[in-house]
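Asks: show me the folded form of this:
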Amino acid sequence: MNINNKTLSITRLNGQQLIKLLVYCLLAINYGFYIIGEWQVAKYTLTANAGLLDWAAAFKTSIDETAWFVLLIIFELETYALSDDAFTPARVRLMHMIRCVCYVFLAHTIYANGSAVIELANEQAMGEVSLCELADKNISYTRNENYQQITSDNCANLLVGAELYQLSDGKAVTDRAGLDLAQYMSWLDLFESLSWIGIMLAIELGVRLQNKGISSGKRLRALNVASLLFYTVLWVAIGHWIYLGHYVYAWDEFVWIAGFVAIEMNMADWRKDMKKQSATEAGHVVSSA
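Replies: The predicted structure follows:
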């Protein structure tokens with residue numbers, strides 16, 4: 001589908017590929033950290049009666065990143081690694097099937113984030129219940145995604161407000177300030193996931209246009225503007241994660257942005273090669289005439 005980038009200089013080619021390799025390695029390392037982190041949180045949030053959807057919601061980020069990894073690989077193959085001759089009908093169908101599976105996982109992430117927004121918006125106070133009444137019952141106190149199991153030794157020292165709210169099917173509790181923060185973060189997660197979907201769709205449509213030989217025009221400019229807006233949302237989210245002290249989230253967001261910017265660079269090089277090829281063909285036509 002793409003034109004081979006052999007017209008690029010070897011120095012530029014190797015430098016760009018080394019940067020992409022570094023970014024992809026960092027993404028793989030972050031992926032492992034997320035799996036470990038969500039497993040640790042799941043111990044506090046999942047009950048013995050948790051179903052498949054509960055487990056999927058608990059590991060929504062790991063599932064989400066798995067789908068994004070696969071899509072990133074496909075975009076890399078389409079926009080750089082493979083030439084036109086490599087895209088046989090069977091391989092194209094296989095790529096479309098893999099894409100569809102990834103989209104199902106990404107749709108689950110949107111569903112999980114939307115459900116979290118609705119669930120947290122409807123939380124009701126537990127009434128007059130003290131934190132020490134919940135001690136030694138395998139219940140945790142949480143705020144800002146930090147969990148601490150409530151025991152008779154620490155219940156009097158945990159700083160909480162007057163009202164308590166149940167989270168995670170009663171496996172965790174928080175105070176009003178903690179609930180407000182959880183609600184805010186749930187909206188941040190939702191806007192992030194929607195922005196990533198927007199970026200993915202913009203790249204998808206851009207690839208389809210360039211496959212048709214379109215290297216410029218209003219449609220590509222509109223896609224570039226849309227991508228810029230979505231990336232802006234993600235940069236704002238990075239600032240919020242840093243402000244909240246979630247530096248790993250901010251770093252992960254940054255590295256994923258770098259990963260998809262690498263794909264955007266592939267597409268830009270692809271467009272340049274298309275224009276060069278068109279200019280060369282036009283020159284041949286003129287010289288032949």
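Asks: show me where the protein has its strands.
Replies: Along the chain, the stretches classed as strands by DSSP state E are 140-143, 146-149, 165-167, 172-174.
Asks: where does the stretch 151-289 of the chain dip in pLDDT?
Replies: Residue ranges of the stretch 151-289 of the chain with pLDDT under 70: 159-161, 168-169, 279, 281-289.
Asks: pick the most deeply packed of the strands of the chain.
Replies: Comparing the strands of the chain by mean neighbour count (mean count of other CB atoms under 10 Å), strand 172-174 ranks first with a mean of 23. Using the backbone N, CA and C atoms, a C-beta is placed for each residue, glycine as well.
Asks: can I get the strands of the chain in a markdown table including distance to residue 114?
Replies: Formatted as a markdown table, the strands of the chain follow (distance: least, CB to CB, whole Å):
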| stretch | distance to residue 114 |
| --- | --- |
| strand 140-143 | 21 |
| strand 146-149 | 23 |
| strand 165-167 | 17 |
| strand 172-174 | 20 |
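Asks: residue 61: neighbour count?
Replies: For residue 61, the neighbour count with other CB atoms under 10 Å is 19.
Asks: I should have written residue 225 there, sorry.
Replies: Close neighbours of residue 225, defined as other CB under 10 Å, add up to 11.
Asks: for residue 28, same thing?
Replies: Residues near residue 28, counting by other CB under 10 Å, number 12.
Asks: do residue 121 as well
Replies: Residue 121: 11 surrounding residues under other CB under 10 Å.
Asks: tell me the pLDDT at residue 73?
Replies: We have a pLDDT of 85 for residue 73.
Asks: can you list the residues that contact stretch 125-138?
Replies: Here stretch 125-138 makes contact (CB atoms under 8 Å, 6 or more residues apart in numbering) with 141, 149-152, 155-156, 158, 160, 163-166, 171, 173.
Asks: could you tell me the end-to-end distance of that stretch?
Replies: Its first and final residues considered, stretch 125-138 spans 20 Å by CA to CA, to the nearest Å.
Asks: flag every buried residue along that stretch.
Replies: 131, 134, 135 (16 or more other CB atoms under 10 Å).
Asks: and of those, the nearest to residue 100?
Replies: Relative to residue 100, the closest of the buried residues of stretch 125-138 is residue 134; by CB to CB it sits at 44.9 Å.
Asks: measure the closest one to residue 40 for me?
Replies: Between residue 134 and residue 40 the distance is 21 Å, computed by CB to CB, to the nearest Å.
Asks: now stretch 122-137: mean pLDDT?
Replies: For stretch 122-137, the mean per-residue pLDDT is 83.
Asks: where do the helices sit along the stretch 51-200 of the chain?
Replies: Applying DSSP state H, counting those that start in this stretch to the stretch 51-200 of the chain gives helices spanning 52-58, 60-76, 89-121, 176-211.
Asks: dump those helices to CSV, plus distance to residue 269.
Replies: Listed next are the helices of the stretch 51-200 of the chain as CSV, based on distance: least, CB to CB, whole Å:
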stretch, distance to residue 269
helix 52-58, 38
helix 60-76, 13
helix 89-121, 21
helix 176-211, 11
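Asks: ok, of the contacts of stretch 125-138, which one's closest to residue 224?
Replies: When the contacts of stretch 125-138 are compared for distance to residue 224 (CB to CB), residue 165 comes out closest, at 43.6 Å.
Asks: quick check: that closest one touching residue 177?
Replies: No. With contact defined as CB atoms under 8 Å, residue 165 does not reach residue 177; the gap is 10.4 Å.
Asks: coming back round to it: need the buried residues of stretch 125-138 in a markdown table with distance to residue 267, can you?
Replies: What follows is the buried residues of stretch 125-138, written out as a markdown table (distance: CB to CB, whole Å):
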| residue | distance to residue 267 |
| --- | --- |
| 131 | 54 |
| 134 | 54 |
| 135 | 57 |
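Asks: now do the same contact list for residue 232.
Replies: Contacts of residue 232 by CB under 8 Å, 6+ apart: none found.
Asks: ok, back up a step: and of the helices of the stretch 51-200 of the chain, who's closest to residue 248?
Replies: Of the helices of the stretch 51-200 of the chain, nearest to residue 248 by CB to CB is helix 60-76, at 11.0 Å.
Asks: any idea of the angle the closest one forms with helix 89-121?
Replies: 150 degrees (axes from the mean of the first three to the mean of the last three CA atoms, to 10 degrees).
Asks: quick one on the thing from earlier: quick one: which of the helices of the stretch 51-200 of the chain is nearest residue 271?
Replies: Here helix 176-211 is closest among these (CB to CB), at 6.5 Å.
Asks: for the closest one, buried residues please.
Replies: Neighbour-count burial for helix 176-211 flags 178-179, 181-183, 185-186, 188-193, 195-200, 202-204, 206-207, 209-210 (criterion: 16+ other CB under 10 Å).
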